[in-house]
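K.L.:
fold the following for me, if possible:
(one chain, ligands or ions: 2)
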Amino acid sequence: MVIIMEAKATEDQIDNVVDHVNKTGLKARVVTGEERTIIGVIGDERYLEEAHFKTLPGVENVFRILKPYKLVSREFQKDSTIIKVNGTLIGNGHRVIIAGPCSVENEDQILKSAHIVKKAGANMLRGGAFKPRTNPYTFQGLGVVGLKLLQKAKIETGLPIVTEVLEAADVELVSEYADILQIGTRNMQNYQLLKAVGRINKAVLLKRGMSATLQEFLMSAEYILSEGNHQVILCERGIRTFVEYTRNTLDLNIVPVVKKLSHLPIIVDPSHGTGRTDIIIPMSLASLAAGADGLIIEVHPDPEKSVSDADQTLSPEKFEELMVKIKKLDAILS
Ligand code: PEP
Ligand code: MN
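P.N.:
Ligands and ions are numbered 1, 2, ... in the order given. Okay, the predicted model is just below:
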């Protein structure tokens with residue numbers, strides 16, 4: 001249920017509504033908008049009486065959201081969410097380009113990568129320290145050493161860091177180094193992990209499960225918001241289909257549909273979405289043309305030497321070419 005407060009509602013009136021919600025045993029999530037405050041009621045609301053809340057002072061309207069996801073829905077919040085990460089805005093027309101290697105391999109590699117992507121115009125640096133690998137015998141990431149190297153790259157370049165967290169027990173550790181915590185495709189339905197990142201005050205990049213429906217994707221985001229963290233950026237990274245000429249099928253249809261159903265920003269990962277260096281540039285441009293709020297792309301100083309995902313990693317030259325094309329596309333789109 002959503003309770004819309006009047007524009008002139010006082011703090012006391014808002015607190016009073018929250019008290020009434022708490023007395024029912026459900027949770028209240030207060031969202032303070034530019035014009036008015038909205039209170040979301042979280043939990044099993046079947047036995048709640050809308051009429052009761054309508055009579056409370058300062059309440060303008062009360063209605064139920066019929067979809068299973070509530071806090072992430074446009075019904076709950078009309079205005080698109082804008083997430084601020086170290087001064088960079090994401091969402092509602094503010095776009096972010098996140099680039100860097102699949103994995104942090106060593107100091108030289110990550111520092112070079114950071115300088116390369118920064119020079120070309122990226123806003124943030126990506127790099128996995130904890131790697132979820134399909135094959136247990138392949139490189140699993142440098143762990144804490146990798147996080148420290150990312151920190152060094154951030155100090156040298158000023159680029160905020162996006163890196164993956166694999167398990168709930170590591171959320172605190174990774175938050176010390178990351179500006180955005182990435183939840184990978186394989187963990188989109190790891191509900192303990194989603195709850196754990198829901199309790200921190202840091203942005204979360206939630207990648208779509210490779211077999212997840214749109215509704216499952218939004219329900220996973222709902223897990224994070226329902227714990228109190230509203231700073232969620234969705235990421236389309238390709239899904240499993242019958243096609244065999246690409247690693248995944250980049251489902252760009254989801255971009256405008258998510259924008260209709262949710263107020264959260266959505267970015268696209270054309271590296272994992274295609275698995276092919278030769279089509280990352282056109283699919284990046286297509287993603288932005290479809291309305292994505294940004295891109296996350298794998299870039300390595302020497303892609304052939306990349307220890308993971310070499311086939312889908314752009315060279316510095318190709319990344320620069322992409323950034324030039326993005327500028328041209330911007331001129332057409334704006
Ligand atoms: C990654 O970003 O390197 C990664 C492992 O992504 P995904 O979870 O989308 O496979
Ligand atoms: Mn990768």
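K.L.:
is it true that Ile293 touches Val96?
P.N.:
Small correction: residue 293 is Asp, not Ile. Yes. The criterion here is CB atoms under 8 Å, and Asp293 meets it with Val96 at 6.9 Å. All C-beta spots, glycine's among them, are computed from the backbone N, C-alpha and C.
K.L.:
what about the residue in the stretch 51-200 of the chain that ligand 2 sits nearest to, how many neighbours?
P.N.:
Using CB to the ion, Cys102 is the residue of the stretch 51-200 of the chain that sits closest to ligand 2, at 3.3 Å. Cys102 has 24 neighbours, counted by other CB atoms under 10 Å.
K.L.:
for it, grab phi and psi.
P.N.:
Torsion angles at Cys102 (phi, psi; degrees, to the nearest 10) stand at phi -60, psi -50.
K.L.:
cool, Asp269 as well?
P.N.:
Phi and psi for Asp269, reported as degrees, to the nearest 10, are phi -110, psi 90.
K.L.:
distance of it relative to ligand 2?
P.N.:
Applying CB to the ion, to the nearest Å, the value for Asp269 to ligand 2 is 9 Å.
K.L.:
nearest spatial neighbour of that residue, skipping sequence neighbours?
P.N.:
Nearest non-adjacent residue to Asp269, counting by CB to CB, 6 or more residues apart in numbering: Arg237, 4.0 Å away.
K.L.:
next one: Asp251
P.N.:
Per CB to CB, 6+ apart, closest to Asp251 is Ile239, 5.3 Å.
K.L.:
right, and the one you found touches Ser211 too?
P.N.:
Yes. Counting by CB under 8 Å, Ser211 is a contact partner of Ile239 at 6.6 Å.
K.L.:
so between these two, which is more surrounded?
P.N.:
Set Ile239 next to Ser211 and count neighbours by other CB under 10 Å: Ile239 wins out with 18 against 12.
K.L.:
identify the bridge partners of the residue nearest to Asp251.
P.N.:
On the basis of DSSP bridges, Ile239 is bridged to Thr249.
K.L.:
pLDDT wise, what is it at?
P.N.:
Ile239 is assigned 98 on the pLDDT scale.
K.L.:
and if you look at Ser334?
P.N.:
81.
K.L.:
measure Tyr47 to Met1 for me?
P.N.:
Distance, Tyr47 to Met1, using CB to CB, to the nearest Å: 11 Å.
K.L.:
please identify which of those two sits among more neighbours.
P.N.:
More crowded of Tyr47 and Met1, by other CB under 10 Å: Met1, with 19 against 8.
K.L.:
next up, phi/psi of the residue nearest to that one when sequence neighbours are not counted, please.
P.N.:
Of all residues not flanking Met1 in the chain, Val41 sits nearest, at 4.2 Å (CB to CB, 6+ apart). Main-chain dihedrals, Val41, degrees, to the nearest 10: phi -100, psi 120.
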